[in-house]
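Engineer: All I have is the shape, not the residue letters:
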């Protein structure tokens, strides 16, 4: 087990951490060309947020050091751009790698502790490489079987609340967003039906009045 040296007693930052929303800073990080400044701003806000809540987390310097972004750029450049990649293998997105950044976890596949940002990048790159290797020589039947397994894995990840891996958190977030999308579609259909009925009623009222003989 790695020696994590959690930092829950650091000196409180000068700015009130409750005024900083780490999620908004994470969303603002550019997926294609993230800047080190935006990453560090998010990480320090995340640390301050954890400090304010009395939660344990790694020091920013322990998680992210100089040269870490270059490792990500190299892995991202190696990512194929013309191949549909399933979510469980497509873990190199910068925002996904930085989600819950200062909280280490154990990779269920390898049994290794994932502590630093570079650890996360290498884990994601290894998962992608393994998936690409497995798809190079598969038959159509093997492809369908693999896609079915991947769908089942995504389902299990969504349904297991105790799985706190980035893959599981991403699957649950995708499922929640999809459910909201379906609900929005349902509400739109209902609204369109209501408006169609309202317009039809107004048309009938207009035609009825138009056809009346003035008294």
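Structural biologist: Structure received. The model shown is predicted, which means the values in this text are computed figures rather than measured ones.
Engineer: so where's the chain uncertain?
Structural biologist: Applying pLDDT under 70 to the chain picks out residues 1-19, 136-139, 142-143, 145-147, 149-151, 153-163, 167.
Engineer: change it to 50
Structural biologist: 1, 8-15, 17 (pLDDT under 50).
Engineer: Which parts of it are helices?
Structural biologist: 22-27, 36-52, 60-63, 68-77, 94-98, 117-135, 140-159, 166-210 (DSSP state H).
Engineer: and the ones you listed as JSON lines, adding mean neighbour count and distance to residue 84?
Structural biologist: C-beta: built from backbone N, CA, C; applies to glycine. Formatted as JSON lines, the helices of the chain follow (neighbours: other CB atoms under 10 Å; distance: least, CB to CB, whole Å):
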{"stretch": "helix 22-27", "mean neighbour count": "16", "distance to residue 84": "24"}
{"stretch": "helix 36-52", "mean neighbour count": "19", "distance to residue 84": "28"}
{"stretch": "helix 60-63", "mean neighbour count": "18", "distance to residue 84": "31"}
{"stretch": "helix 68-77", "mean neighbour count": "15", "distance to residue 84": "17"}
{"stretch": "helix 94-98", "mean neighbour count": "20", "distance to residue 84": "17"}
{"stretch": "helix 117-135", "mean neighbour count": "18", "distance to residue 84": "10"}
{"stretch": "helix 140-159", "mean neighbour count": "13", "distance to residue 84": "10"}
{"stretch": "helix 166-210", "mean neighbour count": "12", "distance to residue 84": "15"}
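Engineer: Distance to residue 88 added to those, as a markdown table?
Structural biologist: A markdown table is the format used below for the helices of the chain (distance: least, CB to CB, whole Å):
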| stretch | distance to residue 88 |
| --- | --- |
| helix 22-27 | 21 |
| helix 36-52 | 24 |
| helix 60-63 | 23 |
| helix 68-77 | 17 |
| helix 94-98 | 12 |
| helix 117-135 | 7 |
| helix 140-159 | 6 |
| helix 166-210 | 5 |
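Engineer: List just the one of the ones you listed that sits closest to residue 107.
Structural biologist: Of all these, helix 117-135 sits nearest to residue 107, with 5.8 Å by CB to CB.
Engineer: Run the chain-centre distance for the closest one.
Structural biologist: When C-alpha coordinates are averaged (CA atoms, centre = their mean, to the nearest Å), helix 117-135 and its chain have centres 17 Å apart.
Engineer: other SSEs contacting that helix?
Structural biologist: Applying 3 or more CB pairs under 8 Å, 6 or more residues apart in numbering; DSSP states H and E, we find helix 117-135 packed against helix 68-77, helix 94-98, strand 113-114, helix 140-159.
Engineer: again, 6 Å this time
Structural biologist: Using 3 or more CB pairs under 6 Å, 6 or more residues apart in numbering; DSSP states H and E, the elements in contact with helix 117-135 are helix 68-77.
Engineer: From the chain's centroid, how far away is the helix it packs on?
Structural biologist: Averaging C-alpha positions (CA atoms, centre = their mean) puts helix 68-77 19 Å from its chain's average.
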